[in-house]
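K.L.:
With the sequence up front, the predicted model follows.
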Amino acid sequence: MDTIRLTMAQALLRFLDNQYTSEDGKETKLVKGIMGIFGHGNVTGMGEALERSAGELVYIQGKNEQGMVHAAAAYAKQKNRKQIFACTSSIGPGALNMITAAATATVNRIPVLLLPGDNFASRQPDPVLQQLEVAGDYTISANDPFKNVSKYWDRIVRPEQLLTAAVQAVRVLTDPAEMGAVTLALPQDVQAEAYDYPASFFEKKVHYIDRRPAAADAVKRAAQLLKGKRRPLIVAGGGVLYSSASKELAAFAEAFGIPVAETQAGKSSLPWNHSMNVGAIGVTGALAANLVAKDADLIIGVGTRYSDFTTASKSAFANPDVQFININISGFDSAKLNGTGITADAKEGLKALHETAAAFDYKSGYADGEITSLKERWDGEVDRLYAAQHEAGLAQTRVLGVINETIDPSSVIVCAAGSLPGDLHRLWRSVEPKTYHMEYGFSCMGYEIAGAFGAALAEPDREVYAIVGDGSYLMLHSELVTSLQEGRKITILLLDNHGFQCIHNLQRGHGSDGFGNEFRYRSEDTGRLTGGYMPIDFAAHARALGAKAYKANTAEELKKALLLAKQETVTTLIEIPVVPGTNTDGYESWWNVGVPEVSVSDKVLTAHEEMKARIQSVKLI
């Protein structure tokens, strides 16, 4: 048997460099490269291997471990999960910084490969710097928490263990039903240990992502259920986009007269002005979609995991006779809400159900013009909000209207947290698939700029915009510097409303007077953060990092700044002050949050009783 003597780190890189995916006959290199921050624990192992034995893998220097994993996840999301970046860190705090982003990837079913350094397997210099010691179990390290947020986890304590661990890691990274974070903990001494690896381990390997067909009996059961329903609604989730099933979705909706509502991950599955697209659904949903959902007798979920925002805490589907058909590559998701499951690729599932329903000439029972009327009503509301004026300054909905009407329809917008996801889900008018990039499975503050950088890496020919609040910007903006370093321009649209106003609104909507969520000075009178707003010059901060920057205080200035930013060749930030509280509110939607049963405030007690009554009225599914 031919062998090649390499360190474990060198062997891992050579293995990753020779992995490929193939779907519909298109072959793609699986691992584009490695994002990393070096420290003791990976610099002399993985670092040396990347310096001298990286092959075709590119190296990108992260600035924050969480940020670089967000960027890797955004890259994979924009690539429809067919190509990834791996991420390497030192041990201890460097590794733990990746935990939040690992959870974000797993919740969203996005593949990322994490390679954190780990304690010495030999334990010779024990305890090593930054080692977490657990007296009752010495096998535990700072990397064990990754078990809870990873779809696959392993620790390589002997170099030959790589032969099985690497294969299992790639299996999960290329399985649409299993995708999420994969963690291989790499003890720093083992990274540098040599082994005679079989040469066959490094041969080119193609992982075929075969579209899972729909089982005939499952399709028959679903079709039989559909046959008796008159007011069905399709809920399009992220699986529609990952499966490239937009054409099949449109054909299905048009053929049977079934309206389509979109989740955050599924938005842009259809153009906003498609005749059957009733817009966003759920807590952050549009009036048209939520009204249709309220009376629907059948929900056809395609590639959705039915989060509480999609179902409005299970209150969106109020028809007592409502039932569910779930087309999903994951059996875990296709079984939800006691649904009739078609565990299949979204494209294949739609085509199979379409063929069967067409055989018995199915048509929905919506009245002529009913869906058109709802769409026109909602379009008028969006027009009103896009034009909204406020005497104190720019309204948030007005800002989004100017942005939507000014940037190219092919541009990619990236967002994740705060009040912006709600406004964007309801109001943003997407024309092309994959132009709406929202991380809302975890709604992780700080994803926006790192995510925009990752999307720009994946889509170098498109303009990419991070739409971010001041709170998220302050939490994590480090990959702005990485975008400059890599020459990958992003445009950051920073809406400054002086704090965490989304949660401030949530507080006040449930009995609070508002506490701890605005960026105000501490008041000598109250002893709380009730003084004046803190004047933060975000444009100056961006310039200090090397970016271009503009400020826009009016709609006209914003449009001008957007046009100027498009001409810039480096990352650019536009600071946009907005009036707090000028975001949208709910449209026929509700969200279940815990409200105290005991309080000294009558407002809180009233809010609790209202919440309790609403919970009791919701059908348990």
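P.N.:
On my side now, so go ahead.

K.L.:
what residues are up against the residue most central in space within the chain?
P.N.:
What sits nearest the mean C-alpha location of the chain, by C-alpha atoms, centre = their mean, is E439, with 2.4 Å. Each residue near E439 by C-beta atoms under 8 Å, 6 or more residues apart in numbering is listed here: 70, 73-74, 77, 104, 108, 414-416, 447, 451. Heads up, the C-betas are built off the backbone N, CA and C, glycines and all.

K.L.:
try 10 Å
P.N.:
Taking C-beta atoms under 10 Å, 6 or more residues apart in numbering, we find E439 in contact with 70, 73-74, 77, 104-105, 107-108, 110, 264-265, 414-417, 421, 447-448, 450-451.

K.L.:
how near is it to L400?
P.N.:
18 Å (C-beta to C-beta, to the nearest Å).

K.L.:
Pull the residues that contact the helix or strand of the chain with the lowest mean pLDDT.
P.N.:
Lowest by mean pLDDT, DSSP states H and E among the helices and strands of the chain is helix 501-508, with a mean of 82. Contact partners of helix 501-508, identified using C-beta under 10 Å, 6+ apart, comprise 396, 417-423, 443, 445, 469-471, 495, 497-498, 500, 512-519, 578-583, 585, 591, 593, 603.

K.L.:
ok so, going back, filter the contacts of E439 down to the ones in helices?
P.N.:
70, 73-74, 77, 104-105, 107, 421, 447-448, 450-451 (DSSP state H).

K.L.:
Need the max-distance pair from the residues you listed.
P.N.:
Maximum pairwise distance in those, criterion C-beta to C-beta, is 17.8 Å, between A105 and P421.

K.L.:
So which of those two has more stuff around it?
P.N.:
Between A105 and P421, A105 has the larger neighbour count (other C-beta atoms under 10 Å), namely 34 against 20.

K.L.:
isn't that one right next to V172, touching?
P.N.:
No - counting by C-beta atoms under 10 Å, A105 sits too far from V172 to count as a contact (11.9 Å).

K.L.:
shared neighbours of those two, anything?
P.N.:
Contacts common to A105 and V172, judged by C-beta under 10 Å, 6+ apart, are 111, 113, 150-151, 179-182.

K.L.:
Just the residues you listed: which are in strands?
P.N.:
Using DSSP state E, the subset of these located in strands is 113, 181-182.

K.L.:
Quick check on these: which are buried?
P.N.:
For these, a burial check counting by 16 or more other C-beta atoms under 10 Å picks out 113, 181-182.

K.L.:
of the residues you listed, closest to S90?
P.N.:
Closest approach to S90 among those (C-beta to C-beta): L113, at 16.7 Å.

K.L.:
How about the closest one, nearest residue that isn't a chain neighbour?
P.N.:
In space, not counting the residues next to it along the chain, L113 is nearest to A86; the distance is 3.9 Å by C-beta to C-beta, 6 or more residues apart in numbering.

K.L.:
Is the one you found within a helix or a strand, and which one?
P.N.:
Assigned by DSSP states H and E, A86 belongs to strand 84-89.

K.L.:
List the strands paired with that strand, with their directions.
P.N.:
Strand 84-89 has its sheet partners listed here by DSSP bridges as strand 31-36 (parallel), strand 112-118 (parallel).

K.L.:
most packed of those strands?
P.N.:
Compared across those, strand 112-118 shows the largest average neighbour count, a mean of 29 (mean count of other C-beta atoms under 10 Å).

K.L.:
ok, back up a step: run the chain-centre distance for the least confident helix or strand of the chain.
P.N.:
Remark: helix 501-508 is offset 22 Å from the chain centroid, using C-alpha atoms, centre = their mean, to the nearest Å.

K.L.:
Give the buried residues for the helix or strand just after that helix.
P.N.:
Using DSSP H and E, the helix or strand that follows helix 501-508 in sequence is helix 538-545. Within helix 538-545, the residues that qualify as buried are 538-539, 541-542, counting by 16+ other C-beta under 10 Å.

K.L.:
What is the next helix or strand after helix 538-545 packed up against?
P.N.:
Counting by DSSP H and E, the element after helix 538-545 in chain order, helix or strand, is strand 548-551. Strand 548-551 sits against strand 491-496, helix 538-545, helix 555-567, strand 572-577, with contacts defined as 3 or more C-beta pairs under 10 Å, 6 or more residues apart in numbering; DSSP states H and E.

K.L.:
Please, where are all the strands along the stretch 1-150 of the chain?
P.N.:
Here the stretch 1-150 of the chain has its strands, by DSSP state E, counting those that start in this stretch, at 3-7, 19-23, 26-29, 31-36, 58-61, 84-89, 112-118.

K.L.:
Does the nearest residue to E160 once chain neighbours are set aside belong to a helix, a strand or coil?
P.N.:
Counting by C-beta to C-beta, 6+ apart, Y195 is the residue found nearest to E160 once chain neighbours are left out, at 5.4 Å. Using DSSP: H, G, I helix; E, B strand; the rest coil, the structure places Y195 in strand.

K.L.:
quick one: Y195 from S364, how far?
P.N.:
62 Å.

K.L.:
dump the residue contacts of D333.
P.N.:
Counting by C-beta under 10 Å, 6+ apart, D333 has contacts 109, 177, 237, 239, 301, 303-306, 326-327, 339, 341, 343.

K.L.:
what two of those residues have the greatest distance between them?
P.N.:
R109 and G339 (18.1 Å).

K.L.:
Name the spans of this structure whose pLDDT lies under the cut-off.
P.N.:
620-621 (pLDDT under 70).

K.L.:
Quick check: can you list the domain ranges of it?
P.N.:
With domains defined by automatic domain parsing, the chain comprises 3-208, 216-374, 387-498+534-577.

K.L.:
how about TSV for those, with distance to S599 added?
P.N.:
Shown next, in TSV, are the domains of the chain (distance: least, C-beta to C-beta, whole Å):
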stretch	distance to S599
domain 3-208	31
domain 216-374	22
domain 387-498+534-577	25
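
K.L.:
Specify the stretch among the ones you listed that is closest to K612.
P.N.:
domain 216-374 (13.3 Å).

K.L.:
how close does Y306 get to L287?
P.N.:
Taking C-beta to C-beta, one finds Y306 at 21 Å from L287.
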